[in-house]
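>>> The following comprises the amino acid sequence and a computationally predicted model.
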Amino acid sequence: MKLILDFILVAGLVASLLIIYKIKRVNVKSFSHLILALIFVFIIITILNFYSILHDIYMLYVVTFLFEDGSRLLIGGLLYIYIKSIFIERTRLYKPLFFHVIPYVLYLLIFSLPGLLVFTGANVNFEHLILLKYTSNLNLFKAIYLLIYIVISLRLFRFYKEQYKQDYSAFSNANFIWVERFLLGALIVICIDICTFLGDYLYDINFDTSFITATVLILIIFYLGNYGVDQPFVFLSNPLESTIASNKNTFSETEIDTLKSRIEQILDGDKLYLDPELTLKNLADEVGITEKKLSFFLNQELNTSFYDVINSYRIKEFKERIDEEENEKYSVLGIAYTCGFNSKSSFYRIFKKETGVSPAQYKKAARNKS
C-alpha cells in the first residue's frame with residue numbers, strides 16, 4: 001500500500017511541475033498565469049507534505065507544514081481571483097487579492113507558526129494553541145471555507161462566460177472547458193475531503209483518510225495536465241470590459257429603427273459575419289457607436305445578443321451555399337467554415353437549435369428538393 005501511495009505522490013508531483021512548466025511557456029504572460037501557477041505551487045507543497053508524512057521525513061514535514069496547514073484558506077481566494085483575472089484588468093485586482101489573502105496570513109501567524117514552534121520543541125508557550133486540540137473541527141472549517149469559495153468561483157465563471165458569449169461571435173464552450181473542469185475538479189476534491197473528515201470523526205477510521213483526498217487530487221491533476229492546460233482561452237490576455245456593468249442608455253423609436261437598419265445594412269452588405277474572429281467592437285466601429293451601447297441595444301431593444309445575431313447570419317449563409325452547385329464537392333463542415341464558424345461542435349449545436357435538424361439532414365433534404 002505504501003509503495004502505491006509513494007508512486008501516486010511522486011507522479012502527482014511530476015504532473016504539477018509539468019503544468020507549471022506549461023504555464024511558464026505561454027507566450028503572452030498575464031496576471032492569470034501568476035495566480036494559476038501559485039495555486040499549483042501550493043498543490044505541490046501539499047503533495048510534499050503528504051510525502052513527508054508517508055516517509056517520516058522530519059525536515060520536509062516542518063518546511064511544508066508551515067505553508068500547507070492553512071492552504072485551504074488561501075487556495076479558495078486564489079481561485080476566485082484567478083477567475084476574475086481572466087476577464088478583468090490586473091490593476092483592479094490588487095486590493096481584492098489582498099483582502100482574500102488576509103485569512104490565510106492571520107491563520108499562519110496565529111496558528112501555523114506558533115504550532116510549528118511548539119512542535120519543534122521551542123521553549124515557548126502559546127495558551128491559545130489549546131484550540132488545536134480541536135484540530136478535526138478546524139480542518140473541517142477550513143475545508144468548508146474552501147468549498148464555499150469554489151462554489152462562488154464556479155458561479156462567477158459561468159456568469160462571466162455568458163457575458164463573454166454576448167460579445168464574441170467566435171465563442172465556443174470549448175474555449176473555456178479547461179477552466180470549468182479545473183473548478184469542477186477542485187469541487188470534487190474538497191467534497192471528498194469533507195467526507196473523509198466526517199467519516200474519520202464519526203467512525204474513528206484507523207488509517208489516514210487524507211491520503212484518499214490526495215489520490216483523487218492527483219488523478220484530477222493528471223486529467224487536467226493531459227486535457228490541455230495550454231488552451232489559448234485558459235489565459236485570456238484581453239480582459240472583458242463588456243456589459244457586465246449596468247447600462248442605463250435608452251433609445252427613441254427613431255434611433256431604434258436607424259440602428260436596426262444600419263446593422264442589417266452592414267451585415268447584409270459587407271458580410272462581416274464571415275470573419276470567425278469578428279467581435280462586438282468590430283461591429284460597433286462599423287455602426288459608429290460604442291461597444292457597450294451596441295450590446296445594450298441588442299440585448300434590451302432587440303431581445304437578442306451579438307453572438308446570436310452573428311450566428312443567425314452564418315446559418316443563413318450556410319443554407320444559401322449548401323444549395324449552390326459549386327459547393328457540392330465540399331463537406332458540410334467545410335462549407336460551415338467558409339461561413340464564419342470555427343468550431344465543429346458549436347456549428348452543429350447552433351444549426352440544430354436554429355433549424356431543428358442536423359446539418360447533414362438539412363443537406364440531404366436540400367439535395368432531394370433539387
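It's in.
>>> Who are the packing partners of the helix or strand bottoming out on mean pLDDT in the chain?
Counting by mean pLDDT, DSSP states H and E, the chain has its least confident helix or strand at helix 359-369, which shows a mean of 79. Where contact means 3 or more C-beta pairs under 8 Å, 6 or more residues apart in numbering; DSSP states H and E, helix 359-369 is packed against helix 306-322, helix 332-338, helix 344-355. The way it works is simple: take the backbone N, C-alpha and C, and place the C-beta from them, glycine included.
>>> Any buried residues in the longest one, and which?
Buried residues in helix 306-322, defined by neighbour count with 16 or more other C-beta atoms under 10 Å: 306-311, 313-315, 317-319, 322.
>>> The shortest one too?
Counting neighbours by 16+ other C-beta under 10 Å, one finds that the buried residues in helix 332-338 are Val332, Ile335, Ala336.
>>> Distance check, the second one against Glu354.
This points to Ile335. Ile335 is 15 Å from Glu354, where distance means C-beta to C-beta, to the nearest Å.
>>> just Thr304 next, same as before
Separation of Thr304 from Glu354 (C-beta to C-beta) stands at 13 Å.
>>> Looking at the two, which one has more neighbours?
Taking neighbours as other C-beta atoms under 10 Å, Thr304 and Glu354 compare with Glu354 leading, 17 against 13.
>>> Just give the nearest non-adjacent residue to the more buried one, would you?
Sequence neighbours aside, Ile315 is the residue nearest to Glu354 in space, at 4.9 Å (criterion: C-beta to C-beta, 6 or more residues apart in numbering).
>>> Can you give me every residue that contacts that neighbour?
For Ile315, the contacting residues are Cys339, Ile350, Phe351, Glu354, Thr355, by C-beta atoms under 8 Å, 6 or more residues apart in numbering.
>>> can you give me the strands in the chain?
With DSSP state E as the definition, the chain shows no strands.
>>> Quick check, central residue of it?
Closest to where the C-alpha atoms of the chain average out (C-alpha atoms, centre = their mean) is Val179, at 2.8 Å.
>>> That one and Phe157 touch, don't they?
Yes. Between Val179 and Phe157 a contact is recorded at 6.4 Å, counting by C-beta atoms under 8 Å.
>>> Can you check which residues contact both of these two?
Ile83.
>>> surely Ile86 meets Tyr160?
Yes. Between Ile86 and Tyr160 there is a contact under C-beta under 8 Å: 7.4 Å.
>>> Give me the more crowded residue out of these two.
The residue with more neighbours, out of Ile86 and Tyr160, is Ile86; 24 against 21, by other C-beta under 10 Å.
>>> Quick one: residues contacting the nearest residue to Ala360 once chain neighbours are set aside.
Using C-beta to C-beta, 6+ apart and skipping residues adjacent in sequence, the residue nearest Ala360 is Val332, 5.9 Å away. The contact partners of Val332, by C-beta under 8 Å, 6+ apart, come to Ile322, Pro359, Ala360, Lys363.
>>> Tell me the spacing between the last one and Val357.
Spelled out, that is Lys363. Lys363 is 10 Å from Val357, where distance means C-beta to C-beta.
>>> What are the buried residues along stretch 17-28?
Within stretch 17-28, the residues that count as buried by 16+ other C-beta under 10 Å are Leu18, Ile19, Ile20, Ile23, Val26.
>>> Tell me the one of these nearest Leu187?
Ile19 (18.4 Å; C-beta to C-beta).
>>> so that closest one touches Phe40, yeah?
Yes. The criterion here is C-beta under 8 Å, and Ile19 meets it with Phe40 at 5.5 Å.
>>> Give me the angle between the longest helix belonging to the chain and helix 306-322.
When secondary structure is assigned using DSSP state H, the longest helix within the chain turns out to be helix 135-167. Per axes from the mean of the first three to the mean of the last three C-alpha atoms, to 10 degrees, the angle that helix 135-167 makes with helix 306-322 is 50 degrees.
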